[in-house]
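> Okay, structure incoming, though there's no sequence with it:
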Ligand SMILES: [Zn+2]
């Protein structure tokens, strides 16, 4: 009768009396740094106390280690070793696990380093951006951008928001181009001129008259706000949107004699008005006659 001897390799750690296979990694722990020991001995001692018992050396080979792999045997013995001693076993699973953990730690360290670099870079950029703004004589732009009590209205909204964006970009990237400098200067001027413009706008708004109802054919005088090309059954036709001297707006075909009119021009004509019905400040005009340009935009 033949007897078969079970060909079973004894695990390296089991041979060393560290417990019975299989082994599994239940945690990792690293020694606090020497720099911390010098800078803050109490913190270093506290950190050390959180480590495993007999930390500092590998319990397989007894040499000093920094990174500890804490391992538990099948019979619940717990010990720690360095990664090189795990690699000395033939335990592929354990070796693979150590490799995975080391990669994970390395990845975390790289991410941490990058985050620190990123933070330093953004802080340096912020300082540089402020410096450049002050050097360019734009402390006023900073003042406006940081003014929490700035009152936004129709007349300064765009300039204020745009100025804030440009200042934010300068402190984000730590750079300020000649173009941005000039742009900020023009925005400051706009913001400074806004109060007068706003009171004018409010006054105009307050004096705005509703669109004339049942007016028939009347003389219309107003500023061109824009054009629109529309296709009709007779072909393409240019429509014009006007703001009248009284503040109401009207829409209709551009008189052919005003072909060269441009946005912003003041024009006048006689036409039939038709109220739009749902907006008391808006209506349409039709069959305009005696049209002429009263004043060109920019004159
Ligand atoms: Zn070792």
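Good, I have the coordinates. What you are looking at is a predicted structure, and each value in this text was computed from that prediction instead of being measured. Numbering: from 1, shown residues only.

> per-residue pLDDT, the residue nearest to residue 66 when sequence neighbours are not counted?
Counting by Cβ to Cβ, 6 or more residues apart in numbering, residue 66 lies nearest to residue 31, which is 4.8 Å off, once chain neighbours are set aside. (Each C-beta comes from the backbone N, C-alpha and C, glycine too.) Note on residue 31: pLDDT of 92.

> same check, this time on residue 78
96.

> rewinding a little: so the residue nearest to residue 66 makes contact with residue 52?
No - the pair residue 31 and residue 52 does not pass the contact test of Cβ atoms under 8 Å, sitting 10.8 Å apart.

> Which of the two has more residues huddled nearby?
residue 31 (18 against 14; other Cβ atoms under 10 Å).

> any idea how far that one lies from residue 101?
16 Å (Cβ to Cβ, to the nearest Å).

> which residues does the residue in the stretch 151-299 of the chain positioned nearest to the ion contact?
Residue of the stretch 151-299 of the chain nearest the ion, by Cβ to the ion: residue 174 (48.6 Å). Contacts for residue 174 (Cβ atoms under 8 Å, 6 or more residues apart in numbering) come out as 124-129, 132.

> Now do it against residue 71, distance only.
49 Å.

> helix/strand/coil for residue 223?
The three-state label given to residue 223 by DSSP: H, G, I helix; E, B strand; the rest coil is strand.

> And residue 252, by the same measure?
Per three-state DSSP, residue 252 ends up strand.

> ok, what's across the strand from it?
residue 240 (DSSP bridges).

> where exactly do the strands run in the stretch 1-150 of the chain?
24-30, 67-72, 78-81 (DSSP state E, counting those that start in this stretch).

> deepest of the ones you listed, which one?
strand 78-81 (a mean of 22; mean count of other Cβ atoms under 10 Å).

> the domain parsing of this structure - what is it?
3-90, 131-206, 217-295 (automatic domain parsing).

> average pLDDT for the second one?
The average pLDDT for domain 131-206 rounds to 94.

> going forward, begin numbering at 30 instead of 1
Sure thing, new numbering starts at 30, so read that last one as domain 160-235.

> what about that domain, distance to the chain center?
Computed by Cα atoms, centre = their mean, to the nearest Å, the chain-centroid distance of domain 160-235 equals 20 Å.

> Start and end of it, how far apart?
Domain 160-235 has its terminal residues 45 Å apart, counting by Cα to Cα, to the nearest Å.

> just to revisit the earlier point, can you give me the separation between the residue nearest to residue 95 and residue 94?
In terms of Cβ to Cβ, residue 60 sits 8 Å off from residue 94.

> so residue 57 makes contact with residue 96?
Yes - with contact defined as Cβ under 8 Å, residue 57 counts as touching residue 96 (6.6 Å).
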